[in-house]
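Undergrad: just need the structure, nothing else, for what follows:
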Amino acid sequence: MKRLILASAALAVSAGMAAAQDVVRLGTEGAYPPWNFINDDGEIDGFERELGDELCERAELECTWVTNDWDSIIPNLVSGNYDAIIAGMSITEERDEVIDFSQNYTPPDPSAFAAMSEGVDVESGVIAAQTGTIQAGYVAEQGATLVEYATPDETIAAVKSGEADAVLADKSFLAPIVENDPELVWAGPDVALGGGVGMGFRESDPELRETFDAAIQSMKDDGTLNELIAEWDVSTQF
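TA: Purely as a prediction, here's the structure:
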C-alpha cells in the first residue's frame, strides 16, 4: 500500500510540472493493429489508444490524437507536430540518440517471419519489412535481401504477390493475419529484438516524459497494464 501511495504522490507532482502544457498531442501511425488502427467509425483505436487515454487521465492531462506515417514519425515529433509518440515503437539505442523514451509499457515482443511456404530461406532470401523498423535493421544486418515498404499492409502484399519470400514483423501484428489467411504460414524461428515498446519524447521535454513515466509505473503497480496487454494480446505480460 505504501508503494502505491508513494507512486500516486510522484504522479501528482509530475503532472503538476506538466500542467503548463494545455493540450498534449499524441502521435501514432493508425495502421498497425492491434497496437493502433483506424476503426470503422474513422477513429484511432487499439491497445495504444486505450493505453494513451488512460495515461492521460492518470496524469490529469488533456490529450488529442494525431496520425502520422511511420517513416516520418520521429522527424515530425522533433519538429513539433505532436508532443509524444505512442505507436508500437521499440526502444533502441539508435532511436534514443534522437529522442528520449519512457520506460517500456510492454516487454520485448517477439518478431516472426510469415511466408507462403514453411521452407522459405529466411537467412538469405528476399525479406519484406516496414521502413524504419527494428525488423528492417535486423534483416539488413543478417545479410538477407531487404525490401522495405512504407506501411505494414504493403509488406504482406509483397509476400502474397511474390515480390518477397517472407515478411518480418511483430508477431502480435502478424498472428491474426496468418490465422485468417490460409495461404500464409510461419517460417523460421522467432526473433527477439529491441528493449520493449515505449513512448517517444523530444529531448527538450523531460518533464513531460517524467509525467508519463509515472503514469506508466502506476499502471504497472496496480496491475491494469498487464490486464490491458492481455485484453489486446499485444505482448507477454510483465
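
Undergrad: tell me the contacts of the residue nearest to residue 22 when sequence neighbours are not counted?
TA: What sits nearest to residue 22 in space, not counting adjacent residues and going by Cβ to Cβ, 6 or more residues apart in numbering, is residue 62, at 6.7 Å. C-betas here are computed from N, CA, C, even on glycine. Applying Cβ atoms under 8 Å, 6 or more residues apart in numbering to residue 62 gives the contacts 22-24, 56.

Undergrad: ditto for residue 151
TA: 31, 69-70, 130.

Undergrad: and which of these is nearest residue 210?
TA: Closest approach to residue 210 among the contacts of residue 151 (Cβ to Cβ): residue 70, at 26.2 Å.

Undergrad: could you check the pLDDT of the closest one?
TA: On the pLDDT scale, residue 70 is placed at 97.

Undergrad: could you chop this structure up by domain?
TA: 2-107+195-232, 111-186 (automatic domain parsing).

Undergrad: hey, least reliable of the ones you listed by pLDDT?
TA: It's domain 2-107+195-232: among these, that one has the lowest mean pLDDT, namely a mean of 90.

Undergrad: okay, and which of the contacts of residue 62 map to helices?
TA: residue 56 (DSSP state H).

Undergrad: can you put the contacts of residue 62 in TSV and add neighbour count and distance to residue 38?
TA: Listed next are the contacts of residue 62 as TSV, based on neighbours: other Cβ atoms under 10 Å; distance: Cβ to Cβ, whole Å:
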residue	neighbour count	distance to residue 38
22	7	26
23	9	21
24	21	21
56	20	20
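
Undergrad: residue 168 and residue 221: what is the separation?
TA: 34 Å (Cβ to Cβ, to the nearest Å).

Undergrad: all helices for this structure, in order.
TA: For the chain, the helices defined by DSSP H cover 2-17, 47-59, 73-78, 93-96, 134-142, 152-161, 171-180, 206-222, 224-232.

Undergrad: out of these, which comes closest to residue 116?
TA: Between residue 116 and the helices of the chain, the shortest separation by Cβ to Cβ is 6.3 Å, and it involves helix 152-161.

Undergrad: and the domains of the chain as TSV, adding distance to residue 238?
TA: Listed next are those as TSV, based on distance: least, Cβ to Cβ, whole Å:
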stretch	distance to residue 238
domain 2-107+195-232	6
domain 111-186	15
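
Undergrad: cool, thanks, signing off.
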